[in-house]
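Participant: Task: produce atomic coordinates for the following.
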Amino acid sequence: MKKQTSASDISPIDVVIAWVDGDDPVLAEKRQKYLGSPTAKPSSSAHPTRFASVNEIKYCILSILKFAPFVRNIFIVTDGQDPNVYDDVRQRFPERLSSIRIVDHTEIFEGYEEFLPTFNSITIGNMIWRIKGIANNFIYFNDDTFLVRGVKPTDWFIGNEPVIRGRWAAKPLHRIVWNSLQLFVHKQLLGKKNYQPRASFHMGQWNSAALAGFKWRYFTNSHTPHTVGKEVVANYFANNSAVLKKNLAFRFRNPSQFTFIALSNHLQLLNGNKHTANPDLAYMQPYNREDDYIEKKIKFCQKNSNIKYICVQSLDMCKTTQQNQVFGWMDSILNYP
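Facilitator: Sure thing, here's the model as predicted:
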């Protein structure tokens with residue numbers, strides 16, 4: 001009989017959170033240098049909402065400390081910034097202050113400084129495995145993703161293999177054809193030589209799958225916390241340094257890029273990892289929705305005990321009352337006054 005994996009069998013698990021404060025005037029000035037004319041309309045890859053923060057990271061961190069207390073370290077990756085979450089952590093989890101560390105881009109881009117500064121979350125994600133001292137088993141969070149129920153180490157790793165959350169999907173031929181058509185129309189017919197299609201969430205994943213050798217299908221992930229085995233991706237990039245450098249070359253998102261998490265997932269699948277699972281996710285995008293949208297989403301999470309994660313996007317674009325409604329709910333499940 002195969003031995004059941006217990007928490008004691010699992011190696012240390014760390015968390016990485018990518019974070020940026022788009023209101024920081026220093027960072028805004030730095031970004032503007034690479035955007036060109038300050039009066040030009042920004043592309044979707046440089047839209048202000050991509051860099052905005054309304055302190056979501058506070059709830060991201062507190063939810064990890066409450067619902068995943070086995071996590072060893074939390075690394076916050078930034079560009080010369082600090083989210084200053086220490087008072088909140090000190091109030092609730094004073095014993096965990098020393099396990100939180102700010103990681104500057106200069107650390108993970110050591111030896112690749114020519115690609116800095118970067119304002120591209122895809123590019124940054126490619127380098128998070130290079131954090132000094134990070135565990136082989138780690139989880140990559142966006143700062144707008146929170147835990148809403150307790151998780152176990154085996155929800156994330158089984159036998160030190162990542163549990164990959166998502167589903168199989170067919171090759172996105174319609175997206176590929178549509179992007180090609182857009183390029184032709186804008187560049188050849190309209191004369192917009194610098195035009196690029198929007199960097200699609202799914203196309204980035206397909207680019208990763210194709211890079212790993214998949215031809216007709218790909219494993220698409222959702223906005224959950226993402227599990228990574230560092231050794232697998234480190235070995236891949238050690239043998240494919242030109243692929244890595246090509247992907248780092250874009251300071252803003254580009255549709256030709258592959259995404260680090262999707263590449264990691266497909267490399268795991270190629271290596272025989274069979275630990276796939278449902279997302280167990282609720283997705284919330286409250287901006288410009290009906291008045292009871294947030295309430296319905298909260299009730300959905302409360303009624304469905306399988307929901308462990310929630311991703312709340314574009315809160316910076318919402319009304320203060322909507323932000324308070326989301327954060328008030330998080331305060332209640334975190335028992336945080």
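Participant: And the strands in the stretch 201-337 of the chain, which stretches?
Facilitator: 217-221, 226-229, 276-277, 281-284, 309-312 (DSSP state E, counting those that start in this stretch).
Participant: contact partners of the second one?
Facilitator: Strand 226-229 has contacts (CB atoms under 8 Å, 6 or more residues apart in numbering) with 129, 136-141, 156-157, 160-165, 261, 264, 268. Any C-beta I mention is one placed from the backbone N, CA and C, and that applies to glycine too.
Participant: can you check the last one too?
Facilitator: When contacts are defined by CB under 8 Å, 6+ apart, strand 309-312 is touched by residues 56, 142, 144-148, 222-225, 279-286, 297, 301, 326.
Participant: Mind checking the pLDDT average for that strand?
Facilitator: Mean pLDDT, strand 309-312: 96.
Participant: got it, and the longest one?
Facilitator: Average pLDDT, strand 217-221: 96.
Participant: who touches it?
Facilitator: 164-172, 202, 205-206, 208-210, 261-262, 265-266, 269, 276, 279.
Participant: Can you select the buried ones from the residues you listed in ChimeraX?
Facilitator: Buried subset of those, written as a ChimeraX selection, criterion 16 or more other CB atoms under 10 Å:
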select :164,165,166,172,205,206,208,209,261,262,265,266,269,276,279
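Participant: So which of the contacts of strand 217-221 are in helices?
Facilitator: 202, 205-206, 208-210, 261-262, 265-266, 269 (DSSP state H).
Participant: which one among those residues gets closest to I176?
Facilitator: The closest of the ones in helices among the contacts of strand 217-221 to I176 turns out to be W206 (CB to CB; 7.8 Å).
Participant: Can you report how many residues lie near S63?
Facilitator: 22 (other CB atoms under 10 Å).
Participant: buried ones in the host helix or strand of it?
Facilitator: Under the criterion of DSSP states H and E, S63 resides in helix 56-67. For helix 56-67, a neighbour-count test (16+ other CB under 10 Å) marks 56-67 as buried.
Participant: what helices or strands is that helix leaning on?
Facilitator: strand 13-18, strand 74-78, helix 86-92, strand 145-147, helix 320-333 (3 or more CB pairs under 8 Å, 6 or more residues apart in numbering; DSSP states H and E).
Participant: Quick check: pLDDT value at L270.
Facilitator: 97.
Participant: if I pick it, what's in contact with it?
Facilitator: 212-213.
Participant: How about A170?
Facilitator: 216-217.
Participant: For D292, what are phi and psi?
Facilitator: When quoted as degrees, to the nearest 10, the phi and psi of D292 stand at phi -100, psi 20.
Participant: now it: how far from K246?
Facilitator: 46 Å (CB to CB, to the nearest Å).
Participant: At the geometric centre of the chain, which residue sits there?
Facilitator: Nearest to the geometric centre of the chain sits N142, at 4.0 Å (CA atoms, centre = their mean).
Participant: hey, what's that residue bridged with?
Facilitator: A18 (DSSP bridges).
Participant: neighbours of D155, just the number please.
Facilitator: Going by other CB under 10 Å, the residues that sit close to D155 add up to 18.
Participant: tell me the secondary structure for it?
Facilitator: helix (DSSP: H, G, I helix; E, B strand; the rest coil).
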